[in-house]
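Novice: for reference, the sequence and a predicted model appear below.
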Amino acid sequence: MENNNNSNQSLESYGIEDWLVGNLNEISVTGLFPVQQEIVPFISRAEGHDICVCAPTGSGKTLAYAIPLVQKIVKRVVRRIRVVVIVPTHDLVIQVEKTFQSIIKGTDLIVQSLGVKPFHVEQKLLVKNHSYGEHALYESLVDIIVSTPGRLVDHINETQGFTLKYLNYLVIDEADRLLRQSFQDWLEIVIDSTNNLNNDIGNSNNNFIKYNEKGNIEINELPINIIRDNNNQENHLCWSEFKLVKLLLSATMTYNPSKISLLQLNAPLFFTTSKTKEIKYTMPSTLKESYIITNPDQKPLVLLNIIYETLKNDSNKKIICFTKSVDITHRLNSLLKLIGSVDNIKFTCEEYSSALSTTERSSLLNRFKSNEINVLICSDIMSRGMDISDIDVVINYNSPPNITLYVHRVGRTARAGKHGFSYTIIDKQEIRYYISMMKKAERSQTLHCLKWKPATYEKFESNYKLALNQMRLIYSKRKLNEEEIEENLLTEEAQNQNQNQDQDPQENEQDEEEDDDNSVNNSNKKLKFDNSSINSFGNDQESLIKLKQSLLEISKKKLKVNFNL
Ligand SMILES: Nc1ncnc2c1ncn2[C@@H]1O[C@H](COP(=O)(O)OP(=O)(O)OP(=O)(O)O)[C@@H](O)[C@H]1O
C-alpha cells in the first residue's frame, strides 16, 4: 500500500457528506489513503460484519474508522453511547479524542475521553441523573467514548446510569496489544455490558450477508429503523439495529484464535495491505531501516554520531530514541543532558516514559512538536500509535525484544507517506537475536548495515568521557553506600540479554511498557536526577579540578562503580 499520496478521487466520491468534508479539509485531509479508501465506504454501507484491519504504521487507520462512524451516528435522535474506542495508553486516548473533536465540529455530537480526568469528574460528564422516587432515569451526555480498558471497566462497574447497551460500534485500536493476556479480563466485562441482541439473532445474520455468484459480498443497504426502547422513547438506532459491530485494528494484528475468539466476532472481514497471502509485517514503503554493530560501551558514541549526522544540516530535525526500560531511559537522558552538544551542534533532550504523569508527557510532546526539544529519549509507552508529524529519525538504543515492538517503534517515523530513517544500535550480545528476529519477519533483505570507523567518534570522545565521569560521581554521591557497588540494573540487564538469546523472537511476547491503567508509578523507582548535581559540575577549569579530586576520593575508597547504559 503506497501511503505517499491521497487518492485523486474527491472525498465526496467516497460518500463523505459536505459538512464532514469541510472539517477534514481543515485538518489538511483532501483525499483518502489506501486503507481508508477500502474501509470508509465499506463501513458506511455494509452491516453486520465485524472488521479486522492490518495496515502499516502511519497509514491513517484512525480516520479510517472515525470518518464513517461519525457520519453514521450524527443522524441519531437520542444521545446514547454508540461508539467506544479502546486504546492501551492515556496518551493515545488524548490523541484519538483530538481526532474525533476535529471532525465533529459543527455537529451536536459529544466525544469524551476517559482516564485523563479524575474519575468522579468523568462521572458527571457521562451521565445526568433524572431519577425521582423509585423511578431511575438516566440521560447519556456523550455519544462517543475514547478510553483505556481499565477506566472503561471502572465506569461500567461503578457509574450509575452508565450503559453500553445502545453501543453500535466497539473499536479496539492496537488490538494485538489489548488482547494480550494481561488485559483480557476487561473484554468479557465490556462485551457482556453491550446489547445482547447478538445472541438473539442466531443465524439470522445469514439474511444479512449475501455473496454474489463471484463469491463477493453483496452489500446490504439496511434501512434506518426506529424502535422504541424500554423508556418508550424513540431510540433511533442509526446503525445495525440488530447487533454490535466490532472493529479491530493494528499494524501488527494478532491471528491467535484463542485471543480473537473472546470477541465473538460475527462474519469478520479481514482487510490487509500485505501483498503476500500469509501476513507479514508490512512497513511504510518510505522508511529506510539501518543497523550498526558496536561494543556495549560504544553505544553512547554511536548514538551521538546519529544525532550529529541528523542535526548537522538542519537542527530542527526531530529524533526519537527508544530504550528498553524506564531506568535506562532516565540514565541515558541524564548523560545526554550533560553532553549537550555534538561537535558544537547543540541539542536539547528530554525523557518520555511512564515515570512521568500523563500531563507531564502531554506538555513534553507539545515542546517536542514545537521544536523546543529535538531529541526525545523514550521507553515503549511511546511506541504504539503515537502520531507526531515530521519525526525524521527513530533510534533503537537496544534491540527490541520482539518484532512487534520493532514495527511500532520504527513506525513513529515515515508516517502519512513522508520519508523517515530508523537506526538500531546492536552490540555483540544482541546481534544473533536481532538477525534471527529480522529473518523470521522477512525484514533482513531491507536492512542496511552501517560500518562507521572508530575515528568517526573521536569528535565526541572528550565530552562523552567527562559526562560519564560526572554521572558516576553523581550516582555514587547520591545512591551508593561505602561497599563495593554493582549497578543492579547491570546484572538485570545481563540476565535479560541471556534470556533474550534463548527465546525465539516471535514467541517472546515480552510485554511492552505497561499501559497507564496498570503501570506501577515508576517515579518511586526512578532515580530523581536533580539538576543541581549536574550544574555543580560546569566545564570550567575549577570545576574540572573539583571533579578530578572527587573521582580520586572515590577510587581511594575502592568504590567500584560500573555505570552501564
Ligand atoms: N487521508 C489523509 N490525508 C492526509 N493525512 C492523513 C490522512 N489520513 C491520516 N492522515 C494523517 O496521517 C498520520 C497518521 O495517521 P494515524 O495516526 O491514524 O496512522 P495509524 O495507521 O493509526 O498509525 P499507527 O499504526 O502508528 O497507529 C496522522 O497525522 C493523520 O493526521
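Specialist: Sure, I can see it.

Novice: can you name the residues bridging to the residue nearest to Gly340 when sequence neighbours are not counted?
Specialist: Distances taken as C-beta to C-beta, 6 or more residues apart in numbering place Lys346 nearest to Gly340, at 6.4 Å, with adjacent residues excluded. (C-beta placed from N, C-alpha, C; glycine too.) Here Lys346 sits in beta bridges with Ser341, as judged by DSSP bridges.

Novice: how close does Lys346 sit to Leu468?
Specialist: Counting by C-beta to C-beta, to the nearest Å, the gap between Lys346 and Leu468 amounts to 19 Å.

Novice: looking at those two, which is more packed in?
Specialist: The neighbour comparison of Lys346 against Leu468 (other C-beta atoms under 10 Å) goes to Leu468, with 17 against 10.

Novice: can you give me the buried ones in the one helix or strand the more buried one maps to?
Specialist: With secondary structure defined by DSSP states H and E, Leu468 is part of helix 458-479. Burial within helix 458-479, assessed by neighbour count using 16 or more other C-beta atoms under 10 Å, is assigned to 460, 463-464, 466-476.

Novice: can you check stretch 382-400 too?
Specialist: Residues of stretch 382-400 classed as buried by neighbour count (16+ other C-beta under 10 Å): 382-388, 391-400.

Novice: next, Glu139: phi, psi?
Specialist: Note on Glu139: its backbone torsions stand at phi -120, psi 130 [degrees, to the nearest 10].

Novice: from Leu311, how far off is it?
Specialist: For Glu139, the distance to Leu311 (C-beta to C-beta) stands at 54 Å.

Novice: what about the nearest residue to Leu20 once chain neighbours are set aside, how many neighbours?
Specialist: Closest residue in space to Leu20, ignoring its immediate chain neighbours: Gln71 at 5.7 Å, by C-beta to C-beta, 6+ apart. As a burial measure, the neighbour count of Gln71 was computed by other C-beta under 10 Å and equals 20.

Novice: what packs against the one helix or strand Gln71 maps to?
Specialist: Taking DSSP H and E as the definition, one finds Gln71 inside helix 61-73. In this structure, helix 61-73 packs against helix 18-26, helix 34-45, strand 83-86, helix 90-103, strand 144-147, strand 169-173, strand 245-250, with contacts taken as 3 or more C-beta pairs under 8 Å, 6 or more residues apart in numbering; DSSP states H and E.

Novice: just to revisit the earlier point, restrict the buried residues of stretch 382-400 to contacts with the ligand.
Specialist: Of the residues in the buried residues of stretch 382-400, proximity to the ligand by C-beta under 6 Å from any ligand atom holds for 385, 387.

Novice: mind checking which of the buried residues of stretch 382-400 land in strands?
Specialist: Secondary structure of the buried residues of stretch 382-400 is defined by DSSP state E; positions in strands are 393-396.

Novice: any chance of those in a markdown table, plus pLDDT?
Specialist: Shown next, in a markdown table, are these (pLDDT from 0 to 100):
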| residue | pLDDT |
| --- | --- |
| Val393 | 97 |
| Val394 | 97 |
| Ile395 | 97 |
| Asn396 | 96 |
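
Novice: ok, so of those residues, who is nearest the ligand?
Specialist: Looking at these and their distance to the ligand, the nearest is Val394, at 11.6 Å (C-beta to the nearest ligand atom).

Novice: Glu139 and Leu311: which is more packed in?
Specialist: When Glu139 is set against Leu311 and neighbours are counted by other C-beta under 10 Å, the residue ahead is Leu311, at 23 against 12.

Novice: residues touching the nearest residue to that one once chain neighbours are set aside, list them.
Specialist: Sequence neighbours aside, Ile345 is the residue nearest to Leu311 in space, at 5.2 Å (criterion: C-beta to C-beta, 6+ apart). Taking C-beta atoms under 8 Å, 6 or more residues apart in numbering, we find Ile345 in contact with 308, 311-312, 315.

Novice: again, but for Cys449
Specialist: Applying C-beta under 8 Å, 6+ apart, one finds that Cys449 lies in contact with 290-293.

Novice: likewise Val394?
Specialist: The neighbourhood of Val394, defined by C-beta under 8 Å, 6+ apart, consists of 319-322, 409-410, 412-413, 420-423.

Novice: quick one: the most centrally placed residue in the chain from Thr272, how far?
Specialist: Relative to the mean C-alpha position of the chain, the nearest C-alpha, by C-alpha atoms, centre = their mean, is the one of Arg384, at 1.9 Å. Arg384 sits at a distance of 19 Å from Thr272 (criterion: C-beta to C-beta).

Novice: and if you look at Phe119?
Specialist: As judged by C-beta to C-beta, Phe119 and Thr272 stand 38 Å apart.

Novice: of these two, who's got more company?
Specialist: The residue with more neighbours, out of Phe119 and Thr272, is Thr272; 18 against 13, by other C-beta under 10 Å.

Novice: name the nearest residue to the more buried one, ignoring sequence neighbours.
Specialist: Leaving aside its sequence neighbours, Thr272 is closest to Cys54 (4.4 Å, by C-beta to C-beta, 6+ apart).

Novice: repeat for Gln298
Specialist: The shortest distance from Gln298 to any residue that is not its chain neighbour, by C-beta to C-beta, 6+ apart, is 7.2 Å, and that residue is Tyr457.

Novice: let me see the contact set for the one you found.
Specialist: When contacts are counted by C-beta under 8 Å, 6+ apart, Tyr457 is found next to 298, 301-302, 304-305.

Novice: so where's the stretch 201-350 of the chain shaky on pLDDT?
Specialist: Counting by pLDDT under 70, the stretch 201-350 of the chain contains low-confidence residues at 201-243, 274-280.

Novice: would you mind measuring from whatever residue of it ends up closest to the ligand to Ser379?
Specialist: Distances between the stretch 201-350 of the chain and the ligand by C-beta to the nearest ligand atom are smallest at Ala251, namely 4.1 Å. Plainly put, Ala251 is 19 Å away from Ser379 if you go by C-beta to C-beta.

Novice: make a ChimeraX selection of whichever of the contacts of Cys449 turn out to be buried.
Specialist: Here is the ChimeraX command that picks out the buried ones among the contacts of Cys449, judged by 16+ other C-beta under 10 Å:
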select :291,292,293
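
Novice: enumerate the residues of the stretch 51-200 of the chain near the ligand.
Specialist: Proximity of the stretch 51-200 of the chain to the ligand (C-beta under 6 Å from any ligand atom) is limited to residues 55, 57-63.

Novice: at 5 Å what do you get?
Specialist: Counting by C-beta under 5 Å from any ligand atom, the stretch 51-200 of the chain comes close to the ligand at 57-63.

Novice: the residue nearest to Gly340 contacts Ile339, doesn't it?
Specialist: No. Between Lys346 and Ile339 there is no contact, the gap being 10.3 Å when judged by C-beta atoms under 8 Å.

Novice: in contact with Phe322, which residues?
Specialist: Here Phe322 is in contact with 378-380, 382-383, 394-398, 400, 409 (criterion: C-beta under 8 Å, 6+ apart).
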